[in-house]
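Undergrad: Predicted model follows, preceded by the sequence.
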Amino acid sequence: MNRENRITWINRLLLPVLNVLTAFAVTAVVFWLIDVNPLEAAEILLYGAFGYEEGIGYTIYYTTNFIFTGLAVAVAFHAGLFNIGGEGQAYIGGLGAGLAIFMLDPTLGAWLFIPASIIGALLFGALWALIPAYLQAYRGSHIVITTIMFNFLAASLMVYLMVHVLREMGQMTPQSELFPTNAWMPFVHDVAAGMGYSIEASPLNLSVLLALVCAVAVWFFLWQTRWGYAIRATGKNSTAAVYGGIKPKRVIIVAMCISGALAGLVSINELVGYQHRLVMDFHLGYGFGGIAVALMGRNHPVGIIVAALLFGTLYQGGAELAFEMSGVSRDIVVVMQGLVILFCGALEYMYRPWLIRTLAPVAQQISAAGVTV
Amino acid sequence: MSDLLLTLLLTLDATLRVSSPLILAAMAGLFSERAGVVDIGLEGKMLAAAFAAASVAAVFGSPWLGLAAAIVASCCLALLHGFATITHRGDQIVSGVAINILAAGLTIILGLAWFHQGGLTPALNNESRFLSITLPYAEQLAFIPVLGPIYKELISGHNILVYVAFAVVPLVWWVVFRTRFGLRLRAVGENPKAVDTAGLSVIKLRYQALIVGGILCGIAGAYIGTAYNAQFTRDMTAGQGFIALAALIFGKWRPLTVMLACLLFGFLDALAVRLQGVQIEGFGVIPVQLIEAAPYILTVVLLAGFIGRAIPPKAVGTAYVKER
C-alpha cells in the first residue's frame, strides 16, 4: 500500500472512528465525574433501548426524527451550506401538516389525509428554509445567521398561533384540537396486529418507513441525478462549478428547500404519528441533533441511519437511565451530542497530523493492516 | 405627567437591566469577530458562566468568587473554541454549535449531580448575590423635578455589574481603536497574512481576542446567574447570546453602535413585558411575540441589505493557514 492510499484510508476510515471513540471516551469521563460507573450506565442504557418491545419501539421512533433532521443537515452540507435552522423548519413543518389536516373534511379517508399532511409539512418546512436561502443567494446575508434568527422567529410565531389562533376551545394548554382519526399515521403495533402479530404498544408509527424512503431518495438525488451533482459540485468548489455551467444561486435555493422540507417531516412522526394534534415544542433538540447525526454519519444516508439509530438509542436509553439512577438525567444525551459535534465536526482533523506521521511515513514499509490504535 | 414619566423611567430602568448582559456578550463577540473568529458560542459560554457563578456563590456564599468561577468557566470554553478553530483550523460555526449544546447539557448534568435539585442550583441569599447599589444622594435629590427621578430611578439602584457593562463599552472602543493591540486585532480580522508578514503571531492574537471574549461572557453569565436571578435554572440564558450576536451585526461591529443596538433590543424586551395584554386604542392588543421577535426581524432585514449594509470583518470565519 503506498503513502497516498494510506492517507486516504486514514481520512476515510480511521479518523472518523477515532473521533467517535473520543466522543464516547469523554462521555465516559463525564459519567465518572458525576460518580456513575460508565459501564453500568451503558448496560442500563442498552437495556432501556433494546431490552423489551416497547423500548425498541421508542428507540426506532426517536431514530426516525434523527434520520429526517440528519438528512436535512446533510443535503445542505453537500451544497456547502450549514443549515442550523432545522429546529425552526421542523416546527413550521408541523404547522403545515396541521393546517393541511384541519383544512380537509374530517370524513375523508386516510389515503388523502396522510399524503396531504406530508405535503403540508414538506411545503412549510421548505418555505421556512426558502427565505434564508433566498437572502443568502441574492442578498448576500449569511445563511447561518439567518437560519438562527429564523429558529427564534418560528418559535415566536408558533407561540402566537398556538395561543391565539389554533388553541382548542376551552383549553388552557396551548394545543390544537385532536386530528380526526383518519388523519393518524398508523402505529406499527396496530399494523402488526392487523397482520396477526402482537407487539407491545409504542409511539412507533409508519413514519419510519417514510424516513427510510427519504434516505434512499436523498442518496439517489445526490449521487444519481444532475441536480445532485450540481449540489455536490457547488459544495466542493463553487467557482469551478460556475465554469461547469452550474448556477450556484439556484443550487443554494434548491438545496435549502430540500433540507427544510426534510426537517419539516419530523412533524409527521411526532404529530401525525403520535401526538395527533399540534403541540408546542415537539421539535426541541431534533434540529440540533441532526447536526451531530450528519457529522457522525459523514453526510451519507447510510451513515446517517446508523448515527440516527445511535442517537435514538441514547434518547430512549437515556430516559431509562434517568428513571433508574437519580443523579442522572436524559441531558447526558445532549452532552454526548455536543461532544460528537465537537470531535466529529470541529476537531475532525485533530488526529490527522499525528496519524499521518506515525502511519504513513514518506518512505517506510509499515503495513497499514497490522497497525492497531 | 409625573405618572407617565415614572412609567417611562421604569421601562428604561428595566431596559438597562436587560441590556447589560447583552452588551457584555456583544462586546465579547466583537473582540472575537474583529479578530476573525466567528463566535456562535456566546450563548453557551454565558450559560456555563451563569451556572458556575450560581454554583460557587451558593457553596461559598460570595458573589465575587462566583464571578471568578464564571470567568474561568467561560474562558475554558473560549479556549476550547480556540483549540478547535485556531489550532486545528476546524469550522468555527460547528465548534460554536458544539459549545452551545455542550453547555446546555453539562450544566444540567453537573447541577443534578452536585445539588440534587433537578438541575437547579440552590437559591442564593442576599449575601451571595450582586445587589443593587444606591448611588450617593439618590434619595435626597429625588425632589428635583425630572432630573431627580431620573437619577434616583434610572441611574441609581443597579447592581455593580450593570455599571461594569456600561463602563466596558468605552473601554472596548479605546482598546480596539486606540491601542496597538486593537490595531493588530482589527488587522488580524481583515488581513491575517499582512499581520503574519509583519512578524506578529496570528494564532497568539486570535487566542488573546478569544480570552478577552471569554472574560466578558463570564461577567455576563455571572450577571444572569447571581445578579439578575438568584439561582441557575435550565437554559436560563434563553437565547440572549443570539440576541447579542444579532446586536453585534446590527451595530456593525462597532462598540458604541453595538451598545445602542443592545439598548434597543433590551428596550423592546422591556416593552414586551409592559405591553403584555395591554389594550391600545386603535390597535387592539399588540402581540407580545411580535415585539419579542423584532430583534431577529430587524437583524434579518439589515443583513439582507434592505436598511444599510452590515459588512463583517473580511477574514471572519476562515482559519489562517501559514504558507509553507
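TA: Received it, and whenever you're ready, just let me know what you need.

Undergrad: Quick check: A:V279 is in a helix.
TA: No. A:V279 sits outside any helix when classified using DSSP: H, G, I helix; E, B strand; the rest coil, being coil.

Undergrad: residues contacting it?
TA: Counting by Cβ atoms under 8 Å, 6 or more residues apart in numbering or on different chains, A:V279 touches A:175-176, A:271. For the C-beta atoms, the positions are set from N, CA and C on the backbone; glycine is no exception.

Undergrad: Most neighbours out of those, which is it?
TA: Within those, A:L271 tops the neighbour count with 28 neighbours, counted by other Cβ atoms under 10 Å in any protein chain shown.

Undergrad: Correct me if wrong: B:G148 contacts B:A142.
TA: Yes. Taking contacts as Cβ atoms under 8 Å, B:G148 lies within contact range of B:A142: 4.6 Å.

Undergrad: residue ranges for the strands of the stretch 201-324 of chain B, please.
TA: In the stretch 201-324 of chain B, strands defined by DSSP state E, counting those that start in this stretch lie at B:279-280, B:284-285, listed in chain order.

Undergrad: so can I have TSV of the ones you listed showing mean neighbour count, distance to chain A and mean pLDDT?
TA: Formatted as TSV, these follow (neighbours: other Cβ atoms under 10 Å in any protein chain shown; distance: least, Cβ to the nearest Cβ, whole Å; pLDDT from 0 to 100):
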stretch	mean neighbour count	distance to chain A	mean pLDDT
strand B:279-280	9	15	72
strand B:284-285	10	9	72
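
Undergrad: how distant is the longest helix anywhere in chain A from the center of its chain?
TA: Taking DSSP state H as the criterion, chain A has its longest helix at helix A:110-139. Mean-position distance between helix A:110-139 and its chain equals 17 Å (Cα atoms, centre = their mean, to the nearest Å).

Undergrad: Now that helix: buried residues?
TA: Within helix A:110-139, the residues that count as buried by 16 or more other Cβ atoms under 10 Å in any protein chain shown are A:113-114, A:116-118, A:120-137.

Undergrad: same check, this time on stretch B:82-94
TA: Here stretch B:82-94 shows B:82-86, B:88, B:90-94 as buried, counting by 16+ other Cβ under 10 Å.

Undergrad: Then stretch A:291-303?
TA: Neighbour counts over stretch A:291-303 (16+ other Cβ under 10 Å) mark A:291-301, A:303 as buried.

Undergrad: Helices along the stretch 101-250 of chain B, start to end?
TA: B:147-149, B:160-178, B:180-190, B:192-197, B:202-222, B:240-250 (DSSP state H, counting those that start in this stretch).

Undergrad: So which elements touch the fifth one?
TA: What that stands for is helix B:202-222. Contacts defined by 3 or more Cβ pairs under 8 Å, 6 or more residues apart in numbering or on different chains; DSSP states H and E place helix B:202-222 against helix B:2-34, helix B:42-60, helix B:63-82, helix B:160-178, helix B:180-190, helix B:192-197.

Undergrad: between the longest one and helix B:160-178, how big is the angle?
TA: Helix B:2-34 runs at 50 degrees relative to helix B:160-178, counting by axes from the mean of the first three to the mean of the last three Cα atoms, to 10 degrees.

Undergrad: ok, is helix B:2-34 in contact with chain A or not?
TA: No. Counting by Cβ under 8 Å from any Cβ of the partner chain, chain A is not contacted by helix B:2-34; separation bottoms out at 11.4 Å.

Undergrad: and that helix, how far out from the chain's middle?
TA: Distance of helix B:2-34 from its chain centroid, counting by Cα atoms, centre = their mean, is 10 Å.

Undergrad: Same question for the last one.
TA: Once both centres are worked out by Cα atoms, centre = their mean, helix B:192-197 turns out to sit 30 Å from its chain's centre.

Undergrad: ok, and what's touching that helix?
TA: Under the criterion Cβ under 8 Å, 6+ apart, residues B:36, B:184, B:187-188, B:202, B:205, B:315, B:320, B:322 lie in contact with helix B:192-197.

Undergrad: Selection in ChimeraX covering whichever of these are buried, please.
TA: Typed into ChimeraX, the line below selects the buried ones among these, using 16+ other Cβ under 10 Å:
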select /B:36,184,187,188,202,205,315,320
